[in-house]
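Asks: below is the structure, and that's it, no one-letter string:
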C-alpha cells in the first residue's frame with residue numbers, strides 16, 4: 001500500500017499540472033477575447049463616423065426642404081417657370097446687407 005505522504009505528493013503533482021494547464025488555457029482565451037474587443041472597438045468607431053456623416057446628410061436634407069424652399073421650387077418647375085432663386089436669393093441678399101451694415105459701423 002502507498003503511504004499517505006506518497007499519496008499527498010501525487011495529489012499535489014497532479015493538481016499543479018492541472019493548474020498550469022488551466023492557466024495556459026485561460027491566457028489563450030483572454031488573448032482571443034482581447035482581439036475580439038479590439039475589433040469591436042474599430043467597428044464601433046466606424047459606426048460612429050458613419051452616423052456622423054448620416055446626421056450631416058440629414059441636416060442638409062432638412063435644410064434643403066425647409067430653408068431652401070423645396071416646395072416653391074417644385075411648384076415653379078411644375079408650372080414651367082424658371083426658378084430665380086426664391087427664398088435663397090432673399091437670404092443671400094439679407095446676409096449681404098448685414099455685412100454692409102457691419103462694415104459701415
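Replies: Structure's in. What do you need? Treat the numbers as computed from the prediction; the structure is a model and nothing was measured.

Asks: make it CA atoms for all contacts and neighbour counts henceforth
Replies: Will do.

Asks: longest helix anywhere in this structure?
Replies: Taking DSSP state H as the criterion, the chain has its longest helix at helix 4-66.

Asks: just checking, which helix or strand of the chain averages the lowest pLDDT?
Replies: Ranking every helix and strand in the chain by mean pLDDT, DSSP states H and E puts helix 86-104 at the bottom, with a mean of 54.

Asks: sorry, back to before: give me the mean pLDDT for the longest helix of the chain.
Replies: On average, the pLDDT along helix 4-66 is 93.

Asks: burial count for residue 35?
Replies: If you count neighbours by other CA atoms under 10 Å, residue 35 ends up with 12.

Asks: to clarify, my last question referred to residue 60.
Replies: By the criterion of other CA under 10 Å, residue 60 has 13 neighbours.

Asks: how near is it to residue 80?
Replies: 26 Å (CA to CA, to the nearest Å).

Asks: swap in residue 45?
Replies: For residue 45, the distance to residue 80 - CA to CA - is 47 Å.

Asks: quick one: which of these two has more around it?
Replies: residue 45 (12 against 9).

Asks: for that one, what are its contacts?
Replies: If a contact means CA atoms under 8 Å, 6 or more residues apart in numbering, then residue 45 has no contacts.

Asks: do the same with residue 12
Replies: Per CA under 8 Å, 6+ apart, neighbours of residue 12: none.

Asks: look up how far residue 18 lies from it.
Replies: Residue 12 is 10 Å from residue 18, by CA to CA.

Asks: same check on residue 6?
Replies: 18 Å.

Asks: same check on residue 9?
Replies: On the measure of CA to CA, residue 9 and residue 18 end up 14 Å apart.

Asks: likewise for residue 49?
Replies: 47 Å.

Asks: one more: residue 37?
Replies: 28 Å.

Asks: what do you get for residue 51?
Replies: 49 Å.

Asks: equivalent analysis for residue 3, please.
Replies: 23 Å.
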